[in-house]
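Asks: Whatever this is, show me its structure:
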Amino acid sequence: MPDAFADHLIDTPPAGNALAAYTTLRLGGPAGTLTTAVHADEAVAVVRAAADAGRPVLVLAGGSNVVIGDAGFAGEVLLLRTRGITVVGDDPGSVVVRVAAGESWDDFVAYAVMNGLSGVECLSGIPGSAGATPIQNVGAYGQEVAHTIETVHAYDRVAGEVRAMSPAECGFGYRASVFKHSDRYLVLDVDFRLEKSGESAPIRYAELARSLGAEAGDRVPLGLARDTVLKLRAGKGMVLDPEDRDTWSVGSFFTNPVVSEEVFATLGEMPHWPAGDGMVKLPAAWLIERAGFPKGFAGEHVAISGKHTLALTNRGGGTTAALLDLARTIRDGVQGRFGVLLHPEPVLVNCEI
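Replies: The predicted structure is shown next:
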């Protein structure tokens, strides 16, 4: 498969192991030590050696969902460059596909669509690696990776062994899992169970259904679903393009807040979706815009994307500190206007808002 990660790098990586070269935001200070692993056993060996030495480790693959502080990361930075897409199970209606953690996520989605395998087509165009998807429980346009993940193979630093973890053990939630905000596990491979079908999974997302001219619950050809999602994402600056600084981001910076029905009743009329168990999900982009932060709202060398209110972008010459100042301004403005607290979606390394 092609190495899509090359598209994430700036043209000339800065000196001193600056981690800006390895993130889609193109921000982040120096690494203490920078090591590349192209095989899973190499990655495990790096993590074990660092643990023995009492040295912290930061794992980077696609670098698409991480914000690294301007001071960088003083420990070991492991660049995960493992590759591989292999069918490991086959039955009359589905297959299990094992994907190496360092594999480009969108390359895997393209592989699935090309081979008539349904279940991840609406996750087209998401940057980053396959191994990052269970950490975040990546989702878009009505699909989440939790819908198709069968097993996550991860090195458990506490037990000192590789574990095959079921979805229940992964603790998937809304943009969450046991892997997020924890350095216990190093994801090595992910097994996805995909349906043998030339048609998409039932369309769940209203915007996608409208773009397809379909109804909720309809199924459409896999290629059509993928192409439509890619066009929708590109229109929002959510498909990486080195020439388009609206894509110099981590995608959505804030998650959609989830509040109780009692709290929602005090907020007035606004778009919302049921979130189960007496909870309601609110659109963060709507809250941000109504709090006075439109597309293009600018800070110093950073700004809200001109295409998507949830994306905070580096316009060139920015710093992580400036980006987080903008994030705080937006967070505090939304809380002051609505009393709703927004939470960041990416992992923050050596920085905070």
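Asks: what's in contact with the helix or strand of the chain with the lowest mean pLDDT?
Replies: Every helix and strand of the chain was ranked by mean pLDDT, DSSP states H and E. The lowest is strand 273-276, at a mean of 91. With C-beta atoms under 8 Å, 6 or more residues apart in numbering as the test, strand 273-276 has contacts from 174, 258, 280, 281. Where C-beta positions appear, they are placed from N, C-alpha and C, glycine not excepted.
Asks: so what's the residue nearest to residue 22 when sequence neighbours are not counted scoring on pLDDT?
Replies: Distances taken as C-beta to C-beta, 6 or more residues apart in numbering place residue 63 nearest to residue 22, at 4.8 Å, with adjacent residues excluded. Reading off the confidence values, residue 63 has pLDDT 94.
Asks: about what we covered before: now the contacts of strand 273-276 in TSV, with distance to residue 74, pLDDT and neighbour count?
Replies: Compiled in TSV, these are given as follows (distance: C-beta to C-beta, whole Å; pLDDT from 0 to 100; neighbours: other C-beta atoms under 10 Å):
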residue	distance to residue 74	pLDDT	neighbour count
174	32	89	14
258	35	96	18
280	42	97	20
281	38	96	18
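Asks: ok, the residues you listed vs residue 223, which is closest?
Replies: residue 174 (29.0 Å; C-beta to C-beta).
Asks: ok, that closest one touching residue 255?
Replies: Yes. Look at residue 174 against residue 255 with C-beta atoms under 8 Å: they come within range, at 7.1 Å.
Asks: Direction included, what does the longest strand anywhere in the chain pair up with?
Replies: Counting residues, the longest strand found in the chain (DSSP state E) is strand 185-196. With DSSP bridges as the criterion, the sheet partners recorded for strand 185-196 are strand 94-100 (antiparallel), strand 117-118 (antiparallel), strand 149-156 (antiparallel).
Asks: tell me which residues in the helix or strand just after the first one are buried?
Replies: Beyond strand 94-100 on the C-terminal side, the first helix or strand identified by DSSP states H and E is helix 105-114. Of the residues in helix 105-114, those scored as buried under the neighbour-count criterion (16 or more other C-beta atoms under 10 Å) are 105, 106, 107, 108, 109, 110, 111, 112, 113.
Asks: Which pair of those residues spans the longest distance?
Replies: Within those, 105 and 113 form the most distant pair, 13.0 Å apart (C-beta to C-beta).
Asks: picking that back up, including pLDDT, could the buried residues of helix 105-114 go into CSV?
Replies: Rendered in CSV, the data for these read as follows (pLDDT from 0 to 100):
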residue, pLDDT
105, 97
106, 97
107, 97
108, 98
109, 98
110, 98
111, 98
112, 98
113, 98
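Asks: low-scoring stretches of the protein, by residue?
Replies: Regions of the chain meeting the criterion pLDDT under 70 cover residues 1-17.
Asks: Give me the contacts around the longest helix along it.
Replies: The helix spanning the most residues in the chain, taking DSSP state H as the definition, is helix 320-338. Contact partners of helix 320-338, identified using C-beta under 8 Å, 6+ apart, comprise 25, 27-29, 67-70, 253-254, 267, 284, 287-288, 290-293, 297, 299-304, 312, 314, 340-342, 344, 351-353.
Asks: what does stretch 303-316 give?
Replies: The contact list for stretch 303-316, computed with C-beta under 8 Å, 6+ apart, reads 25-27, 235-238, 245-254, 284-285, 288-289, 293-298, 301-302, 323, 326-327, 330.
Asks: same deal with stretch 195-210?
Replies: Residues outside stretch 195-210 that contact it (C-beta under 8 Å, 6+ apart) are 92-95, 116-119, 121-122, 141-143, 147, 212, 214-222, 224-225, 228-229, 232.
Asks: same thing with stretch 38-56?
Replies: Contacts made with stretch 38-56 from outside it, assessed by C-beta under 8 Å, 6+ apart, are listed as 32, 35, 37, 57, 59, 73-76, 78, 80-83, 100-102, 155, 157, 160, 162, 183, 186, 188-189.
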